[in-house]
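Trainee: How does the following fold in three dimensions:
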Amino acid sequence: MNTVNSSDYASKAIKHLVSSPMLKGLDFNGRFGLNEPKIKHILADKNDIYKLLFCSGLRNVQTCAKLFCSEKPKFHQYAHHVNSSQIFCINVFGPLMILADSYKALRSLLEQMGVVFKSPIVRAQFEFTPEAKRDRTQFDFYVKTLNGEEAFFEIKYTERKFGTPSKGSYRERAFYAQLCRASVNLSAMADMDVDDSMCEEFFKNFQIWRNVGHVQNDKQYSVFLFPFRNKSLSASFPMDTMKNVLKIDSERIDEYADAAFGFRSALTRYYHNLKETYFNF
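Mentor: As a prediction, this is how the structure comes out:
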């Protein structure tokens, strides 16, 4: 599959999205890029973000709130953009979570993506925040099984890169140094609280390393789901392979669904429509 730079990828994706039959009848405005021609990719009314959830069963405040494990959905500031990666995440996993056998269906899809659990799923949540006080991490999606297996998801779509904030405070450096010490992959950065070069490397790829750092035993996975054709994201990873760290091509969502739900025609059609809407350009 050919890759394209992120600017071109995003521009093509947005043009494709706003012309999609799935979004027919919605009002858009806005512009992508200062030097780009006007592209209508932002919903004029932020309250219409529910219309970007392609499964009609999700377009309900109470239903969405339940999936976030909170009193109301924790939508991002830019969730009203048609290329919102958060909305894409909900479109991928949300429809499964409102089924009668939701966790069984979710486990089937994850297995086809390469996330293989040995026991049944007992918890799944969007926008999951670890309990550690100094942890800046918030995972797009989180799954836990009966015997304590966990998967932490970072999901991107048209972004140019993974998050790279400024260097953390002394206390944050100390926290993430401890995270590195406990990680099965990042022991080389264990002294980042006293080594400026290690600290610089960690925060340069912060959103990647902080997620990878949460893999601290054989039962935990750090999962990055994004389109490999988005060249900048594909090139963002500063490592080849790491234990229980998975890079999954979101443009193959229809293939994963075919393998997982061949007997469920409605679900299979849904994911083929999702592929057409987000990626067929």
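Trainee: Could you list the low-pLDDT ranges of the stretch 51-200 of the chain?
Mentor: The model of the stretch 51-200 of the chain has pLDDT under 70 over residues 132-136, 165-171.
Trainee: Show me where it has its strands.
Mentor: With strands called from DSSP state E, counting those that start in this stretch, the stretch 51-200 of the chain shows them at 121-128, 139-145, 150-155.
Trainee: Kindly state which of the ones you listed is positioned closest to D191.
Mentor: strand 150-155 (24.1 Å; C-beta to C-beta). In short, each C-beta sits where N, CA and C put it, glycine included.
Trainee: and R229, which of the strands of the stretch 51-200 of the chain is closest to it?
Mentor: Comparing the strands of the stretch 51-200 of the chain by their distance to R229 (C-beta to C-beta), the top pick is strand 150-155, with 15.3 Å.
Trainee: Strand partners (parallel or antiparallel) of the closest one?
Mentor: If you go by DSSP bridges, strand 150-155 pairs up with strand 139-145 (antiparallel), strand 220-226 (parallel).
Trainee: now the helices: where do they sit in the stretch 151-281 of the chain?
Mentor: Using DSSP state H, counting those that start in this stretch, the helices of the stretch 151-281 of the chain run over residues 170-182, 196-204, 206-212, 231-234, 253-260, 265-279.
Trainee: now stretch 65-81, how far from the centre of its chain.
Mentor: 14 Å (C-alpha atoms, centre = their mean, to the nearest Å).
Trainee: With stretch 124-141 instead?
Mentor: Mean C-alpha position of stretch 124-141 versus that of the full chain (C-alpha atoms, centre = their mean) differs by 12 Å.
Trainee: Let's see it as PDB, backbone CA atoms only.
Mentor: The C-alpha coordinates for stretch 124-141 follow below in PDB (Å, rounded to 0.1, in the frame of the first residue of the first chain):
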ATOM      1  CA  ALA A 124     -14.400  -1.900  28.100                       C
ATOM      2  CA  GLN A 125     -14.300   1.900  28.300                       C
ATOM      3  CA  PHE A 126     -13.600   4.900  26.100                       C
ATOM      4  CA  GLU A 127     -11.300   7.700  27.400                       C
ATOM      5  CA  PHE A 128      -9.800   5.600  30.200                       C
ATOM      6  CA  THR A 129      -7.600   7.400  32.700                       C
ATOM      7  CA  PRO A 130      -5.200   5.400  34.900                       C
ATOM      8  CA  GLU A 131      -5.500   6.000  38.700                       C
ATOM      9  CA  ALA A 132      -1.900   7.300  39.200                       C
ATOM     10  CA  LYS A 133      -2.100  10.900  40.100                       C
ATOM     11  CA  ARG A 134       0.800  12.200  38.000                       C
ATOM     12  CA  ASP A 135       0.100  10.100  34.900                       C
ATOM     13  CA  ARG A 136      -0.900  12.400  32.000                       C
ATOM     14  CA  THR A 137      -2.100   9.400  30.000                       C
ATOM     15  CA  GLN A 138      -5.600   9.100  28.800                       C
ATOM     16  CA  PHE A 139      -6.300   6.100  26.600                       C
ATOM     17  CA  ASP A 140      -8.700   6.300  23.700                       C
ATOM     18  CA  PHE A 141     -10.000   2.800  24.500                       C
END
